[in-house]
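Enquirer: here's my sequence, what's the structure:
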Amino acid sequence: MAKRLVKGGRLIGPAQGQDETRDLWIVGSAISSGRFPEADADETIDATGMLVMPGFVDPHVHLREPGDEAAETIATGCAAALAGGYTAVGVMPNTKPCTDSPELADFVLRRAAACTAPLVRVIAALTAGRSGRELADLEAFANDLHGRVAGFTDDGAGVQDESLVRRAMAFCAQYDVPYVEHCEFSDISAGGLVHPCAEAEKRSLKGYPAEAEWRMIARDLRLAGETGAHVHFQHLSAARSVELIAEAKARGGVHVTCEVTPHHLFLTVDDALRGGTNFKINPPLRAEEDRRALVAGLKDGIIDMIATDHAPHTPASKARPFAEAPNGVIGLETAAALVWTKLVEPGILTPHEMVARMSVAPARLLGVPATEVFADANAANLVVFDPRARWTVDASAFASRSRNCPFDGWALRGRATVTFVEGEVRYRADLC
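Expert: Residues are numbered from 1 along each chain as shown. As a prediction, this is how the structure comes out:
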């Protein structure tokens, strides 16, 4: 088995508050407690001055294949993930056709296995064709649950029919897999484009109120309590959503987790109104008070994890008028640097809290191994992160096939330099 030496890095292990500077040996796919002569190393990574952390895990990624390969392929999306320090990703089902059968899930996983990729888990479609009218054949996925398939969602559309949600949650509770919800009552969002505000009204841009999100969260919390399902809420955007989840966690009796994106943490409706379609997302960027509530919820642990909701689109599609352009932004290659620059360096999150939100919690959601302690035999899914790196975001240089990045041109600090997946170097900045 290959021996790799990560030399002189600062090891950040969140489970026991581990924080020490020392050499780390990787033998085969796992961390080794052995101490070998340096000459025995088949490969040496100089991590002096850098952080060695559990690899980041993104529970919410769109790879677009099959059906929209002009925007992203499984290969380019996986390359973007590795460049961002991600060792595992959860892939959304809203492809063409959508992932509503084991055969289509198998297609995604086979394509990922054929390229240089992080660990990939499929979040399969909850309803047939993501129509919201009838459940997909969830039982057909039974043999893949807790392995290749990590949950069910109709991401991009909230499930409107309460009886359908109840049946789906009962299934998820039976198999102990997450029911994953895009929270949007469509009769409230009603085709809205941006968070309601005076400037949007002045520009005749239809408002998309936060109530569309938090009303569905309230419903799903109630149903999760009744069915015993684990409900996971995607891309929170609103202060009231954070309040409802905080109240539910304080009461107990319901298994709930949730995520927030970097764009909702660091941008507002004002940015969307200034910046154009590369800031158009669903749910929309909201008011400053919502943004602050999301940051506070993340710090307090009410919000469990950070997800990019990496949503590639071609330049031509984003060049359409605001009302016609698709929702979504890319984020795999900027997320860690944004979190480091905007949250860790100012002291809002500690490095251990960053790892907890970007590695440990999402790994548990997807059921993939995270290196919570740098101890013998633990899986070597790691990122070497250079906090000294200073760089300016240039979307044209991304590994992703798409360029719809709202942070293009931002000056950031911190960057992944090496990404290990199961002990193998899958990305190394100096070789790219």
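
Enquirer: can we go C-alpha only for contacts and neighbour counts from here?
Expert: Will do.

Enquirer: can you pull the poorly scored residue ranges out of this protein?
Expert: 431-432 (pLDDT under 70).

Enquirer: could you list the domains of it?
Expert: Taking automatic domain parsing as the domain assignment, the ranges for the chain are 3-52+375-431, 55-366.

Enquirer: most packed of the ones you listed?
Expert: Mean neighbours per residue, mean count of other CA atoms under 10 Å, is largest over these for domain 55-366, with a mean of 21.

Enquirer: next up, phi/psi of residue 256, please.
Expert: Dihedral pair for residue 256: phi -130, psi 130, per degrees, to the nearest 10.

Enquirer: what's it in contact with, if anything?
Expert: By CA atoms under 8 Å, 6 or more residues apart in numbering, the contact list for residue 256 reads 221, 230-233, 245, 249.

Enquirer: could you measure from it over to residue 184?
Expert: In this view, residue 256 and residue 184 are 17 Å apart by CA to CA, to the nearest Å.

Enquirer: do residue 223 as well
Expert: 16 Å.

Enquirer: and the strand or helix carrying residue 80, how far from the chain's centre?
Expert: Assessed by DSSP states H and E, residue 80 sits inside helix 74-83. With CA atoms, centre = their mean, to the nearest Å as the basis, helix 74-83 stands 13 Å off its chain's centre.

Enquirer: and it, what does it pack onto?
Expert: Applying 3 or more CA pairs under 8 Å, 6 or more residues apart in numbering; DSSP states H and E, one finds that helix 74-83 makes contact with helix 102-113, strand 411-421, strand 424-428.

Enquirer: run through who's touching the shortest one.
Expert: The set of residues external to strand 424-428 that reach it, using CA under 8 Å, 6+ apart, is 28-29, 82-83, 116-118, 417-420.

Enquirer: can you give the strand pairings for that strand, parallel or anti for each?
Expert: When pairing is defined by DSSP bridges, strand 424-428 lines up against strand 411-421 (antiparallel).

Enquirer: coming back round to it: in TSV, list the helices and strands packed on helix 74-83 along with distance to residue 289.
Expert: What follows is these, written out as TSV (distance: least, CA to CA, whole Å):
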stretch	distance to residue 289
helix 102-113	39
strand 411-421	24
strand 424-428	38
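
Enquirer: one step back: of the contacts of strand 424-428, which is the nearest to residue 104?
Expert: Ranked by distance to residue 104 (CA to CA), the contacts of strand 424-428 are led by residue 117 at 18.2 Å.

Enquirer: doesn't residue 9 belong to a strand?
Expert: Yes - judged by DSSP: H, G, I helix; E, B strand; the rest coil, residue 9 forms part of a strand.

Enquirer: check contacts around it.
Expert: Counting by CA under 8 Å, 6+ apart, residue 9 touches 21-24, 46-52.

Enquirer: swap the cut-off to 10 Å and go again
Expert: 20-24, 45-53, 384-386 (CA atoms under 10 Å, 6 or more residues apart in numbering).

Enquirer: that one and residue 383, how far apart?
Expert: 11 Å.

Enquirer: and if you look at residue 316?
Expert: Distance check for residue 316 against residue 383: by CA to CA, it reads 34 Å.

Enquirer: could you dump the contacts of residue 256 into a markdown table with distance to residue 129 and secondary structure added?
Expert: Below are the contacts of residue 256 laid out as a markdown table (distance: CA to CA, whole Å; DSSP: H, G, I helix; E, B strand; the rest coil):
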| residue | distance to residue 129 | secondary structure |
| --- | --- | --- |
| 221 | 25 | helix |
| 230 | 23 | strand |
| 231 | 21 | strand |
| 232 | 21 | strand |
| 233 | 21 | strand |
| 245 | 29 | helix |
| 249 | 33 | helix |
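
Enquirer: wait, a helix at residue 407?
Expert: No - under three-state DSSP, residue 407 sits outside any helix and is assigned coil.

Enquirer: so it makes contact with residue 330?
Expert: Yes - contact criterion CA atoms under 10 Å: residue 407 and residue 330 qualify, at 9.4 Å.

Enquirer: name the residues contacting each of these two.
Expert: Residues touching both residue 407 and residue 330 (CA under 10 Å, 6+ apart): 263, 278, 395.

Enquirer: now the closest residue to the last one other than its chain neighbours: how far from residue 85?
Expert: By the measure of CA to CA, 6 or more residues apart in numbering, the closest residue to residue 395 outside its immediate chain neighbours is residue 403, 5.3 Å from it. Separation of residue 403 from residue 85 (CA to CA) stands at 19 Å.

Enquirer: and for residue 16?
Expert: Applying CA to CA, the value for residue 16 to residue 85 is 22 Å.

Enquirer: just checking: what are the partner strands of the next helix or strand after the helix holding residue 80?
Expert: On the C-terminal side of helix 74-83, the nearest following helix or strand under DSSP H and E is strand 86-91. According to DSSP bridges, strand 86-91 forms sheet pairs with strand 56-61 (parallel), strand 119-125 (parallel).

Enquirer: as JSON lines, the ones you listed with distance to residue 68 would be great.
Expert: Formatted as JSON lines, the strands paired with strand 86-91 follow (distance: least, CA to CA, whole Å):
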{"stretch": "strand 56-61", "distance to residue 68": "14"}
{"stretch": "strand 119-125", "distance to residue 68": "17"}
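
Enquirer: of those, which is nearest residue 70?
Expert: Closest to residue 70 of the strands paired with strand 86-91 is strand 56-61 (CA to CA; 16.3 Å).

Enquirer: how far out from the middle of the chain is the closest one?
Expert: Remark: strand 56-61 is offset 3 Å from the chain centroid, using CA atoms, centre = their mean.

Enquirer: now stretch 24-40
Expert: Centroid separation for stretch 24-40 versus its chain: 31 Å, with CA atoms, centre = their mean.
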